[in-house]
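Q: with the sequence up front, the predicted model follows.
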Amino acid sequence: MELSYTVFDPTGNITVLVETPVPIGDQPRVASLLMAREPTCEQVGFRMPDTPGADITVRMAGGEFCGNASMSAAALLCAERGWERADVTVAIGGQLVPVTAEETGAGGFRCAVTMPRALRITEAFGLPLVELPGISHLIATAPMAREAAEEAIRGWCRALRADALGLMLLDEATGRLDPLVYVPQADTLFWERSCASGTAAVGAWAGPNRELSLTEPGGVLTVRTASDGTVTLEGAVRLERQHTAIL
């Protein structure tokens, strides 16, 4: 199979978007092959047929929602069509999300995505739980060893019956966020360089009318919350390279 794909760097959360059509049943296997080929890649999305109301449609290998892939998809459209700035709608994880992308030069874009509203903010396993469409996030504000987090997250995901589960290790004093994300359908577990949906979950949990700039391993993501519950996320995206590969 010959595949055309583009590698993006949204705040260090290296994302591959495949433009060649791939059947949904084959996507987890193809994603695994691409992640082996691109060792810095943390997630793979696939361009899908157009969805009504969307400018571009992307399906992640595990079917989950992904904010960084949403911003990458908007950057891809700008690059394809030669736009310096655009307001687009991305279909991903069963959601239609508005994204603004503005070219900053040398393949870079500044993007802002209006994230899906939290379905519920509750508690599970003694931690705040923010349920978003397509992915849920637990927020740990007390120190937690990485080994313990990795051991716990799979069982927690099964217990919650979540499509995907993030565990956000948050140091409120310093604004440091370390995101761990498990996607059962793709069987991937990553300490991500940044996590857009996890950052949005922290913002939703923090409450309305807040602005938080969280320092993640790959850089800074800024989240703003409005009085009506709207959560907007801003970050940088860089188009790294485009490839054709035979798998």
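A: Perfect, thanks for sending it. Residues are numbered from 1 along each chain as shown.

Q: how about the nearest residue to residue 95, chain neighbours excluded?
A: Spatial nearest neighbour of residue 95, excluding adjacent residues (Cβ to Cβ, 6 or more residues apart in numbering): residue 116 at 4.9 Å. Where you see a C-beta, it was placed from the backbone N, CA and C, and this is true even at glycine.

Q: confidence score at that neighbour?
A: Note on residue 116: pLDDT of 92.

Q: for the residue nearest the centre of the chain, what are its contacts?
A: When Cα atoms, centre = their mean is applied to the chain, the residue found nearest the centroid is residue 66 (3.1 Å). Contacts for residue 66 were tallied using Cβ atoms under 8 Å, 6 or more residues apart in numbering; they are 15, 43, 45, 60, 92-93, 135, 196-197.

Q: the residue nearest to residue 95: neighbouring residues, count only.
A: Residues near residue 116, counting by other Cβ atoms under 10 Å, number 23.

Q: what's the residue lying closest to residue 24 once chain neighbours are set aside sitting at in phi/psi?
A: Leaving aside its sequence neighbours, residue 24 sits nearest to residue 59 (Cβ to Cβ, 6+ apart; 6.9 Å). Backbone torsions of residue 59, given as degrees, to the nearest 10, read phi -120, psi 120.

Q: in this protein, where's the longest strand?
A: Counting residues, the longest strand found in the chain (DSSP state E) is strand 231-246.

Q: and residue 122, what does it touch?
A: Per Cβ under 8 Å, 6+ apart, neighbours of residue 122: 128-129, 131.

Q: quick check: beta-bridge partners of it?
A: residue 129 (DSSP bridges).

Q: poorly predicted segments of the protein, please.
A: Across the chain, nothing is flagged by pLDDT under 70.

Q: just the C-alphas of stretch 172-191, formatted as PDB.
A: In PDB, the C-alpha atoms belonging to stretch 172-191 read as follows (Å, rounded to 0.1, in the frame of the first residue of the first chain):
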ATOM      1  CA  GLU A 172      -1.000  23.900  40.100                       C
ATOM      2  CA  ALA A 173       1.700  25.900  41.700                       C
ATOM      3  CA  THR A 174       4.000  26.000  38.600                       C
ATOM      4  CA  GLY A 175       1.400  25.400  35.900                       C
ATOM      5  CA  ARG A 176       3.200  22.300  34.700                       C
ATOM      6  CA  LEU A 177       1.100  19.600  33.000                       C
ATOM      7  CA  ASP A 178       2.400  16.100  32.100                       C
ATOM      8  CA  PRO A 179      -0.200  14.200  30.000                       C
ATOM      9  CA  LEU A 180      -0.500  10.400  29.800                       C
ATOM     10  CA  VAL A 181      -3.100   9.200  27.200                       C
ATOM     11  CA  TYR A 182      -4.400   5.600  26.600                       C
ATOM     12  CA  VAL A 183      -6.400   4.700  23.500                       C
ATOM     13  CA  PRO A 184      -7.700   1.100  23.800                       C
ATOM     14  CA  GLN A 185      -8.800   0.700  20.200                       C
ATOM     15  CA  ALA A 186      -5.400   1.500  18.900                       C
ATOM     16  CA  ASP A 187      -3.700   0.000  22.100                       C
ATOM     17  CA  THR A 188      -1.400   3.100  22.400                       C
ATOM     18  CA  LEU A 189      -0.100   4.500  25.700                       C
ATOM     19  CA  PHE A 190       1.900   7.700  25.500                       C
ATOM     20  CA  TRP A 191       3.400  10.400  27.700                       C
END
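
Q: parallel or antiparallel, which strands does the longest strand of the chain pair with?
A: By DSSP bridges, strand 231-246 pairs with strand 2-10 (antiparallel), strand 108-115 (antiparallel), strand 219-225 (antiparallel).

Q: relative to residue 243, which of these is closest?
A: strand 2-10 (5.7 Å; Cβ to Cβ).

Q: return the distance of the closest one from the chain's centre.
A: For strand 2-10, the separation from the chain centroid amounts to 15 Å (computed by Cα atoms, centre = their mean, to the nearest Å).
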